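Chemist: Have a look; sequence and predicted model below, questions after that.
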Amino acid sequence: MSSEKEEGSEQNQPLFQPNEEAITQIMCLGFSRNAAIKGLFYTGNQTADQAAEWLLENNDKNLDTPLEVDLQNLSDSSDEDDFLTTESFKMVFVVNSELNMGVGKIAAQVAHASIGLFRNMIEDEAKAEMLMAWGHLGETKIVLKGESTLQLETLAAQAAALHIDHYLVQDAGHTQVAPGSRTVLGLFGKVDDVDRVTGKLKLM
């Protein structure tokens, strides 16, 4: 009898258990509880800051419907989307702050990193499917603050050792920085994998 109760209690547990403290912080920013839960789900249930950034980037979506509606829509998708799983992906950009780049320069370098990553991955069928799954789940993008060129190179080496797709931008040096400067490191992969490399860095 006890085993039956245990099995029943497991079945009644929600598929996703969000961080309640983070939900409170996000709701203080003016988002609904449903929106806060979605933000946490699509950013790997990490921090309120990351979830809020995702919500701001995806404010064109219906954020106030329950998460279960999104998950049901995914499960009802066509056969070509069967590769989608509950695993979340994200693209992270680490900006070299020692270069003191302006806002416009940083935006351009982040764009270079994004395009470089995409081009490197799209030719591989398995990686292209990861990108498609990422697209279905809101295309989470996080910009983090790196301390120096040495740190970016170290993080790139760690990503390579963990087989995480990455792209280190070397600027041509036409404006603001010297030729060959390492400006931004872009990484893409499963949330937990990427966090093994960049999880301790702060948002820009």
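Modeler: Everything's here; your move. Residues are numbered from 1 along each chain as shown.

Chemist: Domain-wise, how is this protein divided?
Modeler: 20-73, 89-203 (the TED database).

Chemist: Among those, which one carries the weakest average confidence?
Modeler: Ranked by mean pLDDT, the domains of the chain end with domain 20-73 at the bottom, a mean of 84.

Chemist: Please enumerate the strands of this structure.
Modeler: Applying DSSP state E to the chain gives strands spanning 89-96, 141-146, 165-170, 182-190.

Chemist: Figure out which of these is closest to Asn58.
Modeler: strand 141-146 (10.4 Å; Cβ to Cβ). Where C-beta positions appear, they are placed from N, C-alpha and C, glycine not excepted.

Chemist: Need the residues that contact the closest one.
Modeler: Identification of contacts with strand 141-146 by Cβ atoms under 8 Å, 6 or more residues apart in numbering yields 43, 50, 53, 57, 90-97, 110, 114, 152, 155, 185, 198, 201-204.

Chemist: Is there a quick ChimeraX command that grabs whichever of those are buried?
Modeler: Buried residues within the contacts of strand 141-146, by 16 or more other Cβ atoms under 10 Å, are selected in ChimeraX with:
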select :43,50,53,90,91,92,93,94,95,96,110,114,152,155,185,198,201
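
Chemist: Show me what the residue sitting nearest the centre point of the chain bridges to in the sheet.
Modeler: Centroid-nearest residue in the chain, with Cα atoms, centre = their mean: Lys90, separated by 2.5 Å. Listed beta-bridge partners, Lys90: Gly189 (assigned using DSSP bridges).
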